[in-house]
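sequence unavailable; structure follows:
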């Protein structure tokens, strides 16, 4: 006699994608949002491939649209079609809006994945993180363009613009490059620290590099943690 066991799985993974105007920026081959869409599509495809449920919501300063988790190949089409609709993007990203959506509308979910550049976060965004981290297994994926972190080398005076206010500013990159890089690095480390402090996972991925290795490393570490 042979006794066979079938693993019972009922894992729901929900993505929250930053749909703000900041995500429409890019200095390399892909805009941040294009890179994020490829990343979410690849992860969703892998999750569906092992028989789990996947859903998604697009959020900026408010809830934009959602697809509740389901299994099956049709779900990839539904999720991708939602993400590539350019009418869904603009405005600011409010972490509090993302947390409120998760807390009020998501029931019975195991894993919450937030994909964003994490710029211009709410003043008390960590309080929102604490609330969702108590209810979900939270994963933060930071997607940033190289120009988010540093100015171009040997550049003369350049004009930078705010996508929200349409204001512009003429700057001399060489004079502020070092200070700017330090501020951004400290900010990224602080965000990562707050995720880890609240028992949430976090990975920081630049858009000029492949996301495959960082994502695989993250989930290998998660597998070791939950053994």
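Great, that's in hand. Because the structure is predicted, anything quoted here is derived from the model rather than measured. Numbers count the residues shown, from 1 in each chain.

tell me what the helix or strand bottoming out on mean pLDDT in the chain is packed against?
Of all the helices and strands that make up the chain, strand 158-161 has the lowest average by mean pLDDT, DSSP states H and E, namely a mean of 72. Strand 158-161 makes packing contacts with strand 168-171 when contacts are defined by 3 or more Cβ pairs under 8 Å, 6 or more residues apart in numbering; DSSP states H and E. Placement of C-beta: from N, CA and C, glycine included.

please compute how far the strand it packs on lies from its chain's middle.
29 Å (Cα atoms, centre = their mean, to the nearest Å).

one more: stretch 168-176?
29 Å.

compute the first-to-last residue distance for it.
17 Å (Cα to Cα, to the nearest Å).

what residues sit buried inside it?
Buried positions in stretch 168-176, judged by neighbour count with 16 or more other Cβ atoms under 10 Å: 171, 173.

hmm, who's touching that stretch?
By Cβ atoms under 8 Å, 6 or more residues apart in numbering, the list of residues contacting stretch 168-176 from outside reads 151-152, 155-162.

neighbour-wise, which one of those leads?
residue 151 (18 neighbours; other Cβ atoms under 10 Å).

show me what contacts that residue?
By Cβ under 8 Å, 6+ apart, the neighbours of residue 151 are 158, 173, 176-177, 180.

confirm that it sits in a strand.
No - applying DSSP: H, G, I helix; E, B strand; the rest coil, one finds residue 151 to be coil, outside a strand.

ok, for residue 120, nearest residue in space, not its chain neighbours?
Leaving aside its sequence neighbours, residue 120 sits nearest to residue 92 (Cβ to Cβ, 6 or more residues apart in numbering; 6.1 Å).

got the phi and psi for the one you found?
Main-chain dihedrals, residue 92, degrees, to the nearest 10: phi -100, psi 160.

tell me the confidence at it?
pLDDT recorded at residue 92 is 93.

pretty sure it sits against residue 61.
Yes - contact status for residue 92 versus residue 61: in contact at 4.7 Å, counting by Cβ atoms under 8 Å.

of the two, which one has the most company?
For the pair residue 92 and residue 61, the greater number of neighbours falls to residue 92 (18 against 15), based on other Cβ under 10 Å.

figure out how far the least confident helix or strand of the chain is from the centre of its chain.
Distance, centroid of strand 158-161 to centroid of chain: 26 Å (Cα atoms, centre = their mean).

what's it in contact with?
151-152, 167-171, 173.

list residues touching both of residue 92 and residue 61?
In contact with both residue 92 and residue 61: residue 20, using Cβ under 8 Å, 6+ apart.

low-confidence ranges, the chain, go.
Within the chain, the ranges that satisfy pLDDT under 70 run 1-9, 154-156, 163-164, 226-227.

strands along that one, start to end?
12-18, 53-59, 63-70, 111-116, 137-144, 158-161, 168-171, 201-206 (DSSP state E).

OK, contacts around the closest residue to residue 54 other than its chain neighbours?
Closest residue to residue 54 apart from its sequence neighbours, by Cβ to Cβ, 6+ apart: residue 44 at 4.6 Å. Residues in contact with residue 44 (Cβ under 8 Å, 6+ apart) are 13, 15, 54, 56, 75-76, 79.

so how far is residue 201 from residue 44?
Per Cβ to Cβ, to the nearest Å, residue 44 is found 17 Å from residue 201.

do the same with residue 119
20 Å.

what would the strands of the chain look like in a markdown table with distance to residue 35?
Shown next, in a markdown table, are the strands of the chain (distance: least, Cβ to Cβ, whole Å):
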| stretch | distance to residue 35 |
| --- | --- |
| strand 12-18 | 12 |
| strand 53-59 | 16 |
| strand 63-70 | 19 |
| strand 111-116 | 10 |
| strand 137-144 | 6 |
| strand 158-161 | 21 |
| strand 168-171 | 25 |
| strand 201-206 | 8 |
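
lovely, talk soon.
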